[in-house]
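Colleague: quick one: sequence and predicted model below, then my questions.
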Amino acid sequence: MIELNIEEVFTSRFVNEYTKKMLRKLSPFSLEFAGDDIEISYDDIQFILFNPFDVSQCKNEFITHYYHLTQFLLHSQQYFDFLKGRWKQESIKDMKLSKKLSLERERIINDVGNLLLNRCVPFNLAEVIRTNKNYYEFYKKVDLFFSKINDKLKGHINYNFIDGDIRSFIIKNINIKVCPYCNRQYVGYYSFGKKQKNIASLDHFYPQSKFPLYSVSLINLVPSCAYCNGMIKKSRLYPMKRIYTDNVEDKIYFRLKYKSIEGLLGYFDDFEILTSEHEHDLLKNHFFRHQEIYSTHSLDICLWLRKKNLHNEGYRRHLSSILKKNITEDELKMLLFETTGSASDVKNKPLGKLKKDILKL
C-alpha cells in the first residue's frame, strides 16, 4: 500500500556497509543453466546484494534470465483466478473471457521471452495459451526447471547468511515505523538490555523459498508486521508492484461510498470503504484484503468525519485566541486527526494513508 523511495531509504552508506558485511560471508560460485556453465563473480554478488531487479544495469546474463523467469512464475494460477473473478464481476461473457485469458497468457510469455522459456522447456505457443489447463501444465514444467536451479543456488546464497545482527542493522537503517503492506501495525525496533529488539518481521517481497537468489537482496527485504508477513502474504505469488520505487506516486487509494447524510457526517457507519480501481491497486487490495480489514475501522472513521467539521479557518482562529498563540494548519490537523497527511506521516503513523485519503488532508 505504501511506496518508499529507493534513494531515500537506501543511502550509499547503508548499501555499502551492508555489502561489506555480506561479502565477508559470500563467495563466487559456478552452476549450470540450460546447458551453459555460469560463473557468479564478486561483482555479480555485489549486484545481487542491492538491486538485482534493475536488469538494465546487469552484466551477467544468468541474473537477467533469472529475473525474467521470476516474472513468469509470479503470474501463478492464483493470479489467473483473480483475473477470472474480476472479469466475471464486470459481466464479461464466457467466450470473451476465454479470449481475454488467452491474450493475457500470450502477453506474459512474450514479455518474458519465447527464446528464454524455450531454453527451459520447449513449447508451442499457440497450444500453451489455448486453455488454462495447457498453460498451467507448462507453468509447472517451468517451475520444476526453476526449482532445480534454485536447489543448486541455495548452497551458495540463502537467508541463513543474514544473521541476527545484520537483520537488526537492516531494520534500523530502513527505519519505518508502520507496516507498508497494511499501514495499520507498528513495526520497527526498540532497545532492551543494551540490545536492539525488533518488532518488525523482515519479509522477502519475492519469497525466499521460491527465489533464493533474492534472499539476501537488500531491496527485496521489507520490514512488515507479523500478520501481513506470516498470515496473509506467506509465499503466495502475484505480480504486484514492488514497495521500493524510484517514483513514489501520491495517489488516492481509499475512498468512502456514503449511503446516507448520517454516514457523511459520521453519526453512523453508514458508508462503504472502497479502494482504488487502478490495475495494480485492484491486485493489491485482493492480495492484502484491505477493504475487508479496513472495514473494522468504521467507528474510527465516524469519529474523524465528525471532527472534520472542525477542520476550518474559523476553528483554527478560535483555538489561537484561546491558547494565545498562532495555531498553524498542520497543528490543527494534528490536534484533530493526529496526522498532517504528509508523506512522512503516511509511512510512520498507523492508518495515515486512510486518514489522508478520506479526509483529503
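Modeller: Yep, that arrived. On a predicted model such as this, the values are computed, not experimentally measured, just so you know.
Colleague: how far away is Ser298 from Leu256?
Modeller: 10 Å (Cβ to Cβ, to the nearest Å). Yep, even glycine has a C-beta here, placed from its N, CA and C like the rest.
Colleague: quickly list what's touching both of those two.
Modeller: Shared contacts of Ser298 and Leu256 (Cβ atoms under 8 Å, 6 or more residues apart in numbering): Phe271, Ile273.
Colleague: who's in contact with stretch 305-314?
Modeller: Here stretch 305-314 has contacts from Leu264, Leu265, Gly266, Tyr267, Leu332, Lys333, Leu336, Phe337, Leu359, using Cβ under 8 Å, 6+ apart.
Colleague: these in helices, which ones?
Modeller: Using DSSP state H, Leu264, Leu265, Leu332, Lys333, Leu336, Phe337, Leu359 are the members of the contacts of stretch 305-314 that sit in helices.
Colleague: return a ChimeraX selection command for the buried portion of the residues you listed.
Modeller: Entered in ChimeraX, the line below selects the buried ones among the ones in helices among the contacts of stretch 305-314, by 16 or more other Cβ atoms under 10 Å:
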select :332,333,336,337,359
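Colleague: want to throw the ones in helices among the contacts of stretch 305-314 into TSV with distance to Leu49 and pLDDT?
Modeller: Below are the ones in helices among the contacts of stretch 305-314 laid out as TSV (distance: Cβ to Cβ, whole Å; pLDDT from 0 to 100):
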residue	distance to Leu49	pLDDT
Leu264	51	95
Leu265	53	94
Leu332	45	93
Lys333	40	94
Leu336	45	94
Phe337	40	95
Leu359	41	96
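Colleague: now the ones in helices among the contacts of stretch 305-314 in JSON lines, with distance to Val222?
Modeller: Formatted as JSON lines, the ones in helices among the contacts of stretch 305-314 follow (distance: Cβ to Cβ, whole Å):
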{"residue": "Leu264", "distance to Val222": "36"}
{"residue": "Leu265", "distance to Val222": "38"}
{"residue": "Leu332", "distance to Val222": "34"}
{"residue": "Lys333", "distance to Val222": "28"}
{"residue": "Leu336", "distance to Val222": "31"}
{"residue": "Phe337", "distance to Val222": "27"}
{"residue": "Leu359", "distance to Val222": "27"}
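Colleague: any idea which of the ones in helices among the contacts of stretch 305-314 is closest to Lys88?
Modeller: Comparing the ones in helices among the contacts of stretch 305-314 against Lys88 with Cβ to Cβ places Leu264 closest, at 32.0 Å.
Colleague: mind checking what secondary structure the residue nearest to Ser298 when sequence neighbours are not counted has?
Modeller: Nearest non-adjacent residue to Ser298, counting by Cβ to Cβ, 6 or more residues apart in numbering: Asp269, 3.7 Å away. For Asp269, the assignment made with DSSP: H, G, I helix; E, B strand; the rest coil gives coil.
Colleague: next one: the one 4 residues further on
Modeller: The three-state assignment at Ile273 reads strand, by three-state DSSP.
Colleague: so who does it touch?
Modeller: Phe254, Arg255, Leu256, Gln291, Tyr294, Ser295, His297, Ser298, Ile301.
Colleague: returning to that earlier point: using TSV, lay out the contacts of stretch 305-314 together with distance to Ile243.
Modeller: Shown next, in TSV, are the contacts of stretch 305-314 (distance: Cβ to Cβ, whole Å):
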residue	distance to Ile243
Leu264	33
Leu265	36
Gly266	32
Tyr267	37
Leu332	31
Lys333	26
Leu336	29
Phe337	25
Leu359	24
